[in-house]
Structure formats: C-alpha cells, structure tokens
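In: quick one, structure for this:
(one chain, ligands or ions: 1)
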Amino acid sequence: MIDAHLHLDQYDLNKLDFYIDMWRNHGIKGVVAVATDLQSSYKTLELKHKYPTFIRAAIGHHPEAPPLTSKDLAELLNLIKKEKNHLSGIGEIGLPTYQKESLYEVYGEELFCEQLEVLLEIAKSVDLPVALHAVHEESEKVLLLLKKHEIKKAHFHWLKASNQNVQDIISCGYYVSVTPEVCYRERDQRLVRMIPMDQLLIETDGPWKHGGHFQHQDTTPLFLKDIVDSLSNIFSISTVNINEILMANTKRLYD
Ligand SMILES: [Zn+2]
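Out: Residues are numbered from 1 along each chain as shown. Below you'll find the predicted structure:
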C-alpha cells in the first residue's frame, strides 16, 4: 500500500525513523509526501533525501492559505527546477474552498487563479503530475484550468464534487483518491463507485484527523488497510487484487 497524499513534514520528525519502520513492517510501501508552503517544501525535500525509497515528494503551496509573495513564488519555481529529479509531483496546489470568502476578500480571487496557473505551467514544463486540492465548485474551476494548460497528469485528492464534475474529471483521465472517510461516510462510498478502478488512489491526508471509528486516533498510513478492506467490500474484489491495482495506479502517476 502507498499513501498517495499525506503531510509527512507535519509529523513528529524526531520519531520518524520509528514510525517509518513500523509502517513498513505493516505493509506500507511508501508515501507521497505533499507540502503546504515554501518552508514545508524544503522540509519535504529534506525528508525525501533522508528516506529516498520510502518517500515520493511533491512540493507546492496549499490554496487554503494566503497566496505566496512574488518573491516566494519565484523561489518555489526555482526550487522545483533545481530539484525536479528528486520530485514526484507538484502539490498540494489548487483553489481555496473552506477559507475562500476571507481569502478572496483580502487578496482577490484573481491572484489565486494566477498563481495556480503559474504552478500548472511549471508542472507541465518539468513533466510532473499535480496533487490538487480542488473540491466542490472549485473542482470545476480547476478542471477548466487543467484543460486550458493541457495538463495530462493530475490527482484530485479527497474529492468532493457533483456527479457531472466527477464524470468530467474521469473522462480526462485524471486520478481521484479517497480517504478513510470511505469507510464510514456514504458520500465517499457513492463517489468511489463512480471512479474506474484504474484511476483510483488511496490516501490518509495525515496527520489530518478522521471521524467514524478513527475518531480520537492519530492518522497514519496504517489506516490504508481499513480503506482497502472497505473497497474490497464495495467492489467485491479481494484485498490482494485491490492492493495490486492501487499500487500500480500510484506508480503509474507518480513514478
Ligand atoms: Zn493535504
């Protein structure tokens, strides 16, 4: 199992040796570690150099936060060019949904779209997939930008979208991931049935906390086993087969 989206730099880095050992011993083959800002991009790259076989690194700037200053944006773009051979993706990037009212009031919607377009262009130029935070109405807007920039490789992480939008995303060949919510939330169980098996990924978005029977537990890639069990029930396919398919998907997109 590979966790296709988590924030490894937000874990207790002093305990990471111990965690990664334990996760490996429980069948976790690797993680796609995504960044949230410039500092987190540096940290994520440092982790990639420390655990090169376990980590696939993506760097970027999370959209639910103030946009990058032009100086930081230039630095991020340079970092991407310089480190492209150590990177597996650009992310997490996208458009804000949860904080959009306050963010757009201060910075204006235009600036978020502009920065996203710049990051999509650099992803295309270094031939790396984008790890997207694009949910609800914003997933439609982001999809339009992907088409405008002719982006071929994209991953909509923890997608929440209308049926029509999900269909559009799938018909473009993009990937969609589900989180531990698929174990206990009907919305996600409905979503996952719409995703062709070869475009599906699994993730925890750790250390983000989840509900259901994960409530009060620290999120780790070990939750992937529960996701695979749920998918096995939903699709009536053995967990071994599901694992093989999901691993192949993650590698096809991020390797
Ligand atoms: Zn995330």
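In: so Gln189 touches Val182, yeah?
Out: Yes: contact criterion CB atoms under 8 Å: Gln189 and Val182 qualify, at 6.0 Å. In short, each C-beta sits where N, CA and C put it, glycine included.
In: which residues sit in contact with the residue of the stretch 101-250 of the chain found nearest the ion?
Out: Going by CB to the ion, the ion is nearest to Asp205 of the stretch 101-250 of the chain, at 4.7 Å. Neighbour list for Asp205: 5-7, 157-158, 179, 219 [criterion: CB atoms under 8 Å, 6 or more residues apart in numbering].
In: with Asp9 instead?
Out: 33, 35-36, 40, 43-44, 47.
In: now the host helix or strand of Lys251: mean pLDDT?
Out: Using DSSP states H and E, Lys251 falls within helix 239-254. The average pLDDT for helix 239-254 rounds to 98.
In: what strands line up against the longest strand seen in the chain, and which way round?
Out: The residue-count maximum for a strand in the chain (DSSP state E) belongs to strand 87-94. Using DSSP bridges, strand 87-94 pairs in its sheet with strand 55-59 (parallel), strand 130-133 (parallel).
In: could you dump those to CSV with mean neighbour count, distance to the ion and mean pLDDT?
Out: Output for these, formatted as CSV (neighbours: other CB atoms under 10 Å; distance: least, CB to the ion, whole Å; pLDDT from 0 to 100):
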stretch, mean neighbour count, distance to the ion, mean pLDDT
strand 55-59, 26, 10, 98
strand 130-133, 30, 6, 98
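In: dump these to CSV, plus distance to Ser171.
Out: Below are the strands paired with strand 87-94 laid out as CSV (distance: least, CB to CB, whole Å):
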stretch, distance to Ser171
strand 55-59, 24
strand 130-133, 16
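In: so where is this structure shaky, pLDDT-wise?
Out: Along the chain, no part satisfies pLDDT under 70.
In: please enumerate the helices of it.
Out: Secondary structure of the chain (DSSP state H): helices at 16-25, 38-50, 70-83, 100-107, 109-125, 137-148, 163-171, 186-194, 224-235, 239-254.
In: ok, which of these comes nearest His213?
Out: helix 224-235 (8.0 Å; CB to CB).
In: report all helices and strands that that closest one contacts.
Out: Counting contacts by 3 or more CB pairs under 8 Å, 6 or more residues apart in numbering; DSSP states H and E, helix 224-235 packs against helix 186-194, strand 200-202, helix 239-254.
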